[in-house]
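Chemist: Sequence and predicted structure, then a few things I'm wondering about:
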Amino acid sequence: MNIQVLTLFPEVIDSYVNTSIIKRAREKNIVSIESINFRDYADNKHHSVDDTPFGGGAGMVLTPQPVVSALENLDYKNKKVIYLTPKGKTLNQDLASSLSKEPDLILLCGHYEGLDQRVIDHYVDLEVSIGDYVLSGGELGALVMIDAITRLIPGTLTEDSLAEESFSNYLLEYPQYTRPREFEGHAVPDVLLSGNHKNIELYRITESIKLTLSRRKDLIAEGIENKYFSDRIIKLIKQVKKNLL
Ligand code: SAM
């Protein structure tokens, strides 16, 4: 997959994608990530990219020309253009998963009061929000998308680590523990030290169900509606609800 990020702050993007899992995915050519400063495309003397809003009001609005020139230079018609905005569709694991199958993404980061609506109307395929709050720019949103999407591209992580992650199966992941066996008087649950794989699996799935029922009942309801769960999991959910486990 190729991801191109249009931003006024390429250094923010470059710094994060040069670390950890994303860095390794880039080294393995699973994903290529390029940040482009659309200020470089401004055709005015001072490379200005913003102007006051028509109709008045606070702040500045990104002008269409630099963004559109940058998009044209990137052959945007053959790619999926996504604008990061609090007005967009909220990012979740399903959306990240469907976007992970796209060959080419252009992530457009706004700034100031946002982008001239005509660019959104005529050049953007999808508007995405990373949550119900307002950030100063789209860069953190673009990075959240890059991270969530890259993890889901085959080869980035092992199948095992993806399979049990939160949201992958309409359940939140079970609690994880590592050494030492006892920390500040708090012991690791005995079952995890038992070596009995059947009991460990039952403990984990039960904890996962308990956690999801207490924090995100909506996920379980969605899993039931989509007929995702096996009969065994449905039985366990009922038992957990009745406090039998
Ligand atoms: N005036 C806009 C509004 O009220 O909807 C907010 C503009 S915000 C200060 C500047 C830029 O940050 C936006 O153009 C967008 O690219 C980005 N941004 C802010 N909040 C975001 C969010 N929740 N998700 C994705 N991008 C966001």
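Modeler: Good, I have the coordinates.

Chemist: Pull up the per-residue confidence for the nearest residue to Thr90 once chain neighbours are set aside.
Modeler: Using C-beta to C-beta, 6 or more residues apart in numbering and skipping residues adjacent in sequence, the residue nearest Thr90 is Ser129, 5.2 Å away. The C-beta positions use only the backbone N, C-alpha and C, and glycine is treated the same way. Ser129 is assigned 98 on the pLDDT scale.

Chemist: Next: Val188.
Modeler: pLDDT, Val188: 98.

Chemist: Domain parsing of the chain, as residue ranges.
Modeler: 2-157, 164-244 (automatic domain parsing).

Chemist: and the last one, how far apart are its ends?
Modeler: The reference is to domain 164-244. 24 Å (C-alpha to C-alpha, to the nearest Å).

Chemist: Any buried residues in the helix ranked longest in the chain, and which?
Modeler: If you go by DSSP state H, the chain has its longest helix at helix 197-215. Neighbour counts over helix 197-215 (16 or more other C-beta atoms under 10 Å) mark 200, 203-213 as buried.

Chemist: what residues does the one helix or strand in the chain whose mean pLDDT sits lowest touch?
Modeler: The helix or strand of the chain with the poorest confidence is helix 159-163; it has a mean of 84 (mean pLDDT, DSSP states H and E). Contacting residues not belonging to helix 159-163 are listed as 151-152, 168-169 [C-beta atoms under 8 Å, 6 or more residues apart in numbering].

Chemist: related to what we said a few turns ago, which other helices and strands contact whichever helix or strand comes after the longest helix of the chain?
Modeler: Counting by DSSP states H and E, the next helix or strand C-terminal to helix 197-215 is helix 217-225. When contacts are defined as 3 or more C-beta pairs under 8 Å, 6 or more residues apart in numbering; DSSP states H and E, helix 217-225 packs onto helix 197-215.

Chemist: Name the residue of the protein that lies nearest to the ligand.
Modeler: Distances between the chain and the ligand by C-beta to the nearest ligand atom are smallest at Gly110, namely 2.1 Å.

Chemist: what's that residue in contact with, if anything?
Modeler: Contacts for Gly110 (C-beta under 8 Å, 6+ apart) come out as 62, 83-85, 137-138.

Chemist: Okay, and which of those map to helices?
Modeler: Judged by DSSP H, the subset of the contacts of Gly110 located in helices is empty.

Chemist: How far does stretch 193-207 sit from its chain's centre?
Modeler: 30 Å (C-alpha atoms, centre = their mean, to the nearest Å).

Chemist: Also stretch 36-54?
Modeler: Its chain's C-alpha centre and that of stretch 36-54 lie 29 Å apart, by C-alpha atoms, centre = their mean.
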